[in-house]
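J.: Give me a model of this one.
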Amino acid sequence: MSISRREFLQMLAVAAAHGMPLAGRAAETQRGDALYDLPGPRGDVTLLHFTDCHAQLLPAHFREPDVNIGIADALGRPPHLVGEALLRHFRIAPKTRLAHAFTYLDFESAARNFGRVGGFAHLATLVKQVRAQRPGALLLDGGDSWQGSATALWTRAQDMIDAAKLLGVDIMTGHWEFTYGAARVQEVIKKDFAGRIEFIAQNVRTTDFGDPVFRSHVIREVNGVSVAIIGQAFPYTPIANPRHFVPEWTFGIQEESLQNVVDESRANGAQAVVLLSHNGMDVDVKLASRVTGIDLILGGHTHDAVPEPVSVANRNGATLVTNAGSNGKFLAVADLEVRGGKLRDCRYRLLPVFANLIKPDPEMAALIRRVRAPYAERLSERIAVTEGLLYRRGNFTGTIDQLILDALMEVKGTEIAFSPGFRWGTTILPGETITLEHVMDQTAVTYPYTTVTDMSGETIKNILEDVCDNLFNPDPYYQQGGDMVRVGGMHYRCDPTQKIGARISGMTLNGKSIEAGKHYKVASWAPVAEGASGEPAWEVVARYLRAKRIVRPVTPNRPDLIGVRGNPGIS
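T.: Numbering: from 1, shown residues only. The predicted structure follows:
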């Protein structure tokens, strides 16, 4: 078989992007030195994309999931691949830096070997490096940037807003940003972002007259090419988060409206159309099959780190769908080649941001020190030491979720506890000291209240069924939130392949079946109802940890899974 020079260079680019040793460069690749040696730009337009950083200004550890189940059309398709299945699909060599970045495999030893990831000072250096190679490159923020840390909560996101401006973000959309309230979002847009950062969302309108709240899109001229960037905020914000934060705004997917914006952009001369989305990858895949004229979707929300775009066919062509991970771990680089008013080629790389391979940008590092200084003593409080790996992320639970559940049950004196299926939160290695900052990384929300409620067994089952349907409904448009609610105290079975009402069974507490008509005391936190109150979750968890001092290895309370044997989304 013979191949052209163009095909050969493409093969080399794919190999380099996946950390595969190239002839004459094996040693450098294994050391990681060549990880950021991108081939010269091919094409006219470069888009840089990060998403779901969740306010992590400093490098951290973040473990990817070992359970990310896909059902129906999503079975065996990215992003529903974990561990070895993901490595095989994307041809990533095991036990390499990229294997560590994209999977949970050998996490503890790999984390100690390869170090922390992310950090805005390191991200800033990488952005500058790529922009120096690719003049005119646009930097896009997919949202969930203002929430997820103590300093973001205590400054009402001002730390992240200042960091985004310094990083050089050009365009962003949102989700958790809205949990600071409509007034705060509008204040930032009018003051901090004015003339610098465009906040776009075509699917957010007023509840009274349906007027657009934000600009739907922007058209930018990049190296002579007209590119439309359309914004798509998280469609289910008023469901997944408190409605009273944005009482006068409606959200939703808004397919028809999106198609109109795409068509309008094309009519106004856009040669390439990109959707900056916070839908979640499964929603974006369905959307790409139904809305035509979008060349590329730069996606977020589900925190899926997907090394290569997924091509989705529709009636007028195809759309490339991506998702760029979370916690500042990755920077996506998309080189678009546009010819004759159409996208002819897209080269995409999802670069992991390894802090020990990238020098921190001095200006960004100084900003981070400055915004953290007033809180440094409080953040560094040493609360306990963990003997096991503490992580969050996965369809059903993680060890840090279990720790929160245990704290809720013990401190609040309940037999059952629920904790939201949040995907954000840093990872803590065995032997590390748990600080107050670590606790805040898992609990820093604007509605942190803990509650205790008497619930019937029937109500408990209905809650589990409803949340499970949000996660496993075969129609992605009905997947309205995060992962499955975390459950402490009781046990249950789950069959994700069933319909709502039939997924949850075998609910037991202390070996006895939970009775539909019997009432049980349940602790939980982060209520979305207006007027809720209670002790903040971080105070409950911190008090629990201070009493423990040493945290023994935690075993997550996972349900017994049925009907998913052999699913590549399960380790």
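J.: doesn't residue 289 make contact with residue 312?
T.: Yes - with contacts counted by Cβ atoms under 8 Å, residue 312 reaches residue 289, the gap being 5.3 Å. (Each C-beta comes from the backbone N, C-alpha and C, glycine too.)
J.: quick one: which of these two has more around it?
T.: Higher neighbour count among residue 312 and residue 289: residue 312, with 19 against 16, using other Cβ atoms under 10 Å.
J.: For that one, which residues count as its bridge partners?
T.: residue 319 (DSSP bridges).
J.: got the contact list for it?
T.: Contacts were defined as Cβ atoms under 8 Å, 6 or more residues apart in numbering; by that measure residue 312 touches 285, 288-289, 318-321.
J.: So which of those is the closest to residue 51?
T.: Nearest to residue 51, judged by Cβ to Cβ, of the contacts of residue 312 is residue 321 at 13.3 Å.
J.: what are the phi and psi values for the closest one?
T.: The phi and psi values for residue 321, taken as degrees, to the nearest 10, are phi -120, psi 130.
J.: how near is it to residue 483?
T.: Distance of residue 321 to residue 483, given as Cβ to Cβ, to the nearest Å: 20 Å.
J.: Then residue 339?
T.: Distance of residue 339 to residue 483, computed by Cβ to Cβ: 42 Å.
J.: can you list contacts of stretch 261-270?
T.: In contact with stretch 261-270 (Cβ under 8 Å, 6+ apart) are residues 202, 216-217, 219, 226-228, 230, 273, 291-294.
J.: pretty sure residue 471 contacts residue 479?
T.: Yes - the pair residue 471 and residue 479 qualifies as a contact (Cβ under 8 Å) at a distance of 6.4 Å.
J.: Overlap of the contact sets of these two?
T.: Common contact partners of residue 471 and residue 479 (Cβ under 8 Å, 6+ apart): none.
J.: which residues does residue 435 form a beta bridge with?
T.: So, taking DSSP bridges as the rule, residue 435 has residue 382 as bridge partners.
J.: Please list all residues in contact with it.
T.: Counting by Cβ under 8 Å, 6+ apart, residue 435 makes contact with 379-383.
J.: out of those, which is most surrounded?
T.: Among these, residue 383 has the most neighbours (other Cβ under 10 Å), with 21 neighbours.
J.: got the CA positions of the top helix by length along the chain in PDB?
T.: Secondary structure of the chain read by DSSP state H shows that its longest helix is helix 457-472. What follows is helix 457-472, C-alpha atoms only, in PDB (Å, rounded to 0.1, in the frame of the first residue of the first chain):
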ATOM      1  CA  GLY A 457     -40.300   4.800  50.900                       C
ATOM      2  CA  GLU A 458     -42.500   5.600  47.900                       C
ATOM      3  CA  THR A 459     -41.100   9.100  47.700                       C
ATOM      4  CA  ILE A 460     -37.500   7.800  47.900                       C
ATOM      5  CA  LYS A 461     -38.100   5.500  45.000                       C
ATOM      6  CA  ASN A 462     -39.800   8.200  43.000                       C
ATOM      7  CA  ILE A 463     -36.800  10.500  43.600                       C
ATOM      8  CA  LEU A 464     -34.300   7.900  42.500                       C
ATOM      9  CA  GLU A 465     -36.400   7.000  39.400                       C
ATOM     10  CA  ASP A 466     -36.700  10.700  38.400                       C
ATOM     11  CA  VAL A 467     -33.000  11.400  38.700                       C
ATOM     12  CA  CYS A 468     -32.100   8.100  37.000                       C
ATOM     13  CA  ASP A 469     -34.300   9.100  34.100                       C
ATOM     14  CA  ASN A 470     -32.500  12.400  33.800                       C
ATOM     15  CA  LEU A 471     -29.300  10.400  33.400                       C
ATOM     16  CA  PHE A 472     -30.400   7.400  31.300                       C
END
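J.: which residues are in contact with that helix?
T.: Contact partners of helix 457-472, identified using Cβ under 8 Å, 6+ apart, comprise 69, 71, 395, 416, 418, 421, 455, 478-481, 483-485, 487, 490, 492, 494, 496-497, 500-501, 503-504, 507, 514-520, 522.
J.: Check stretch 185-201 too.
T.: 141, 157, 161-162, 164-165, 169-174, 177-178, 213-218, 229-233, 276.
J.: if we go to 7 Å?
T.: 161, 164-165, 169-174, 177-178, 214-218, 229-233, 276 (Cβ atoms under 7 Å, 6 or more residues apart in numbering).
J.: For the closest residue to residue 234 other than its chain neighbours, which residues are in contact?
T.: Leaving aside its sequence neighbours, residue 234 sits nearest to residue 175 (Cβ to Cβ, 6 or more residues apart in numbering; 3.6 Å). Residues in contact with residue 175 (Cβ under 7 Å, 6+ apart) are 143-144, 233-234, 237, 278, 301.
J.: how about a cut-off of 10 Å?
T.: 51-52, 142-147, 201, 233-237, 240-241, 251, 278-280, 300-301 (Cβ atoms under 10 Å, 6 or more residues apart in numbering).
J.: ditto for residue 276
T.: Residues in contact with residue 276 (Cβ under 10 Å, 6+ apart) are 47, 49, 51, 140-143, 171-173, 198, 200-201, 217-218, 229-233, 296-300.
J.: just residue 234 next, same as before
T.: 143-144, 173-178, 201, 203-204, 240-241, 251, 277-280, 283, 300-301, 480-481 are the contacts of residue 234 under Cβ under 10 Å, 6+ apart.
J.: Neighbour count: residue 339 and residue 483, which is higher?
T.: Using other Cβ under 10 Å, the more surrounded residue of residue 339 and residue 483 is residue 483, with 25 against 12.
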